[in-house]
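# Structure for the following, please:
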Amino acid sequence: MRNEDAREDSMKAGEKKSGRKGKGATRRVRREGPTKADIKSYLDLVALESQSRGVIRVLPGVKIRLQFSDKERRLILDDWTISMGLNEKQTKALDKAKRPELSMTLVDWEDFQGYVASASNHARDGSKLQRRADALSDRIQELLDRHTDE
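Just a heads-up that it's a prediction; the model follows:
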């Protein structure tokens, strides 16, 4: 009796006594909820559905990469308003990279687009800065339109 009580106390969480004695007296109880295979098949279905609409579904927090031309890189680094949307690590990476690119989450891209739009709105009408900032803002908006995390 004592031996059996000690064995019950030492059993791991999620194990159940099977009623058998000796070897294999415990068995694992299946965890409730979806398995990894269930989640993968669901995500595959969602991806197929969203691709048919032209929208790519990403999980919240996943970073999306966008490459820039040298002119866009100079615009981002030289304009004070736009560069405020980047942290120091991103600024250094953009400055030193051979192929300028940034990787951010969708929320960060939305915030960064706000900085680019602000620079465009505060530039003189028809100026080179306004045209380039508008073009960069349009590229970021295309990225946001192609991806969703909902």
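# Okay, helices next: where are they in this protein?
With DSSP state H as the criterion, the chain has helices at 2-10, 36-53, 70-78, 80-83, 88-96, 106-122, 128-146.
# Can you lay out those as CSV showing mean pLDDT?
Compiled in CSV, the helices of the chain are given as follows (pLDDT from 0 to 100):
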stretch, mean pLDDT
helix 2-10, 52
helix 36-53, 66
helix 70-78, 94
helix 80-83, 92
helix 88-96, 91
helix 106-122, 95
helix 128-146, 94
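# Nearest to residue 63 among these would be which one?
Each of those was scored for nearness to residue 63 using C-beta to C-beta, and the closest is helix 106-122 (8.2 Å). The way it works is simple: take the backbone N, C-alpha and C, and place the C-beta from them, glycine included.
# Please identify which of the helices of the chain is closest to residue 59.
Nearest to residue 59 among these is helix 36-53; the distance by C-beta to C-beta comes to 8.4 Å.
# For stretch 89-99, buried residues please.
Neighbour-count burial for stretch 89-99, counted by 16 or more other C-beta atoms under 10 Å, picks out 90, 94.
# picking up where we left off before, as TSV, the helices of the chain with distance to residue 63 would be great.
Listed next are the helices of the chain as TSV, based on distance: least, C-beta to C-beta, whole Å:
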stretch	distance to residue 63
helix 2-10	44
helix 36-53	17
helix 70-78	17
helix 80-83	19
helix 88-96	11
helix 106-122	8
helix 128-146	12
